[in-house]
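Participant: What shape does this take:
(one chain, ligands or ions: 2)
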Amino acid sequence: MINEITEDKSMITLTGKKVSEERIEVSEGIAIGKLSFYKRDIKEIRHIYVKDVEKEVQRFQKARQKALQELKELYETASKEVGEANAAIFEMQEMVLEDQDLVDKVTGIIVEQKLNAEYAIENAAENFIATAVENDKNYVQGHDADVWDVANRLQNILARGWKDKMLMDEPFVLAAGELYPSEAVQLDKTKVLGFVTRYGTINSHTAVLARTKGIPSVIGLGEALKKDYEGKTIIVDGFEGKIYIEPDYTTITKMRQKQDTNHTKVQNLERLKGKENITQSGQKIDVCANIGTREDIENVLRSDAGGIGLFRSEFLYMESGSKPPTEEYQFQVYKLAAESMGVKKVVIRTADLGGDKTAECLDLGEDKNPAMGYRGIRVSLDKDDVFKTQLRAILRASAFGNLSIMFPMITSIDEVTVAKLMLEKAKKELKNEKTAFDEDIQVGVMIETPAAVMISGELAREVDFFSIGTNDLLQFTLGMDRQNEKLDRYYNAHHPALLKMIRIITNNVHLEEKHISVCGDLAADLELTEYLIQIGVDELSVAPNQVLALRKKIREIQ
Ligand code: PEP
Ligand code: MG
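Facilitator: Ligands and ions are numbered 1, 2, ... in the order given. Below is the predicted model:
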């Protein structure tokens, strides 16, 4: 039973996804605030009657001004990067936006037909293109795609309510049908107190992000999470996977107490800062942190982690809009990570895009089976310009701290060889340019496919370190999509096959005297800490706010 609804006077209680009776949470914590539904960039333009047409025209005009400003900025950047001739396309788009015919068409539809701006833009754009010839609009001919680009830009701006909310409003609890990782990565933790969704699984990257950012979340509430709850007070209990809408006094008091208890627990853990990750019998293990964005670096510093064991760099691409992050931008972020951590290590995983991690700036095409499709190192080796840009950025940042590079989704020695060749090429370029970098930068790979497990001995002769991505390794071992809600009850994170694989990899890697860590979610599973230490894993890398709880667990082990 996923969604039990209990109505106590006006209070509504909904229960989210349960994986098993013991494991419920997506991301722990209590959040209390007003509920606000996420408005996604519009794909399907709905036809909505509006009462206040003047307000709707104003909405359109505001979006038009914003679009003009964006196009001006795009023109400036593009002129610098690709020259004025190539940037002219944005000037042409500005002309479309300023064309009085188009503006009149849109406002005409809003005023005369009392329809919403999004729909009016869609219809007006269609008509504008169709009548371009008879209206002697030569500049539009052959530029249908640009007119649509302008229309999409306007529609996207109109849908940006929630992002503006993050800039202006009071903190709120975000609700959505489903929240994609590329959207979750943009959540501003100071504004989004928590998030709740109708669909999704606790194994998705959205859930991973919620844990990394420490945002209390409940997912899989189903259709019972209604749009009517917009603006109502909500409590998110990320510990129990429950939400309360219009909570009564007793519930609010109970939840505030729970919040206080959790706060005290977190404060008590603070005492472990500066202490070793050591068992009672003296066995030590490194505990590092996983991050995805530059904002997370601060959380790592606060967490007292031994370093950054996994920087999911793909999130930089996912929050980068229509263009991939430049070398300079990436360099600045990696340099910040390196400098902030000082002598502690920072493992930058090269972009692991694909699957549920899509980025507007890279066209990955359609995959029939995205989890098993065009992703990770496969994309990097294919889009070698984008890959080399990233490698150059990492190498440049390596001059400022203790950085290493890790390749994701490895299945063969060949992939490692080609990736290393690309790294050598980037090094050579930098040398020729007399740019500083760490010549001995360590190179590692993720072990997250059964193929990589089977060749871990051979891989150990090729690279310096390894990290086990238990999230993907589990889905590929079980042959079950980690995103498929119907498979939740079969999805056994403690499956003996997975535990046995971790042992095999650890042995193989240690035979070559190389370093092995676990950076998938299993690293934070306190029920397995003892097992992982006992088989000799060298490092566990977890979300920043899980570091101290893990340290506590390690110190309690005999
Ligand atoms: C993993 O697969 O366990 C992992 C750490 O990578 P990601 O979750 O980002 O796919
Ligand atoms: Mg993975």
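Participant: and the closest residue to ligand 2 within the stretch 51-200 of the chain, how far is that from Ile110?
Facilitator: Here the stretch 51-200 of the chain gets closest to ligand 2 at one residue, Pro181, 12.1 Å apart by CB to the ion. Just so you know, the C-beta spots here come from the backbone N, C-alpha and C atoms, and that holds for glycine as well. The spacing between Pro181 and Ile110, counted by CB to CB, to the nearest Å, is 35 Å.
Participant: And the residue nearest to His143 when sequence neighbours are not counted, which helix or strand is it part of?
Facilitator: Spatial nearest neighbour of His143, chain neighbours left out: Met92 (6.6 Å); criterion: CB to CB, 6 or more residues apart in numbering. Assigned by DSSP states H and E, Met92 belongs to helix 84-98.
Participant: Could you export that helix as PDB, CA atoms only?
Facilitator: Only the C-alpha atoms of helix 84-98 are listed here, as PDB (Å, rounded to 0.1, in the frame of the first residue of the first chain):
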ATOM      1  CA  GLU A  84      30.000  38.300 -35.300                       C
ATOM      2  CA  ALA A  85      28.900  36.500 -38.400                       C
ATOM      3  CA  ASN A  86      27.900  33.400 -36.500                       C
ATOM      4  CA  ALA A  87      26.400  35.400 -33.700                       C
ATOM      5  CA  ALA A  88      24.100  37.200 -36.200                       C
ATOM      6  CA  ILE A  89      21.500  34.500 -35.700                       C
ATOM      7  CA  PHE A  90      20.700  36.000 -32.300                       C
ATOM      8  CA  GLU A  91      20.300  39.500 -33.900                       C
ATOM      9  CA  MET A  92      17.800  38.000 -36.300                       C
ATOM     10  CA  GLN A  93      15.900  36.400 -33.400                       C
ATOM     11  CA  GLU A  94      15.800  39.800 -31.700                       C
ATOM     12  CA  MET A  95      14.200  41.200 -34.900                       C
ATOM     13  CA  VAL A  96      11.500  38.500 -34.700                       C
ATOM     14  CA  LEU A  97      10.800  39.500 -31.100                       C
ATOM     15  CA  GLU A  98      10.600  43.100 -32.000                       C
END
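Participant: Following the chain onward from it, which element is next?
Facilitator: Helix 84-98 is succeeded, C-terminally, by helix 100-113 (DSSP H and E).
Participant: Quick one: residues in contact with that next one.
Facilitator: Identification of contacts with helix 100-113 by CB atoms under 8 Å, 6 or more residues apart in numbering yields 50, 53, 56-57, 60, 64, 96, 115-117, 119-121, 123-125, 127-128, 135, 137.
Participant: For that helix, what is the distance to the chain centroid?
Facilitator: Helix 100-113 sits 39 Å away from the centroid of its parent chain (CA atoms, centre = their mean, to the nearest Å).
Participant: Beyond it, next helix or strand please.
Facilitator: Assigned by DSSP H and E, the successor of helix 100-113 is helix 117-130.
Participant: Mind giving me the packing neighbours of that following helix?
Facilitator: helix 53-82, helix 100-113, helix 144-158 (3 or more CB pairs under 8 Å, 6 or more residues apart in numbering; DSSP states H and E).
Participant: Against Asn127, how distant is the residue nearest to His143?
Facilitator: As judged by CB to CB, Met92 and Asn127 stand 19 Å apart.
Participant: same check, this time on Glu98
Facilitator: From Glu98 to Asn127 the distance is 17 Å (CB to CB).
Participant: higher neighbour count, those two?
Facilitator: Between Glu98 and Asn127, counted using other CB atoms under 10 Å, Asn127 has the larger neighbour count: 16 against 12.
Participant: near ligand 1, which residues of the chain?
Facilitator: For the chain, the contact set with ligand 1 under CB under 6 Å from any ligand atom comprises 208, 310, 312, 352, 448, 469-472, 519-520.
Participant: which non-adjacent residue is nearest Ile504?
Facilitator: Ile504 sits nearest to Val453 (CB to CB, 6+ apart), 6.3 Å away.
Participant: Just give the number of residues close to the one you found.
Facilitator: Count around Val453 with other CB under 10 Å applied: 21.
Participant: check contacts around it.
Facilitator: Here Val453 is in contact with 447, 473, 501, 504-505 (CB under 8 Å, 6+ apart).
Participant: Any chance of CSV for those residues, columns pLDDT and distance to Val82?
Facilitator: Listed next are the contacts of Val453 as CSV, based on pLDDT from 0 to 100; distance: CB to CB, whole Å:
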residue, pLDDT, distance to Val82
Ile447, 98, 40
Leu473, 98, 41
Met501, 98, 47
Ile504, 98, 50
Ile505, 98, 45
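Participant: which of those has the most neighbours?
Facilitator: With neighbours taken as other CB under 10 Å, the top of the contacts of Val453 is Ile447, carrying 31 neighbours.
Participant: what's the neighbour count on the nearest residue to that one once chain neighbours are set aside?
Facilitator: Closest residue to Ile447 apart from its sequence neighbours, by CB to CB, 6+ apart: Ile468 at 4.9 Å. Look at Ile468: counted by other CB under 10 Å, it has 29 neighbours.
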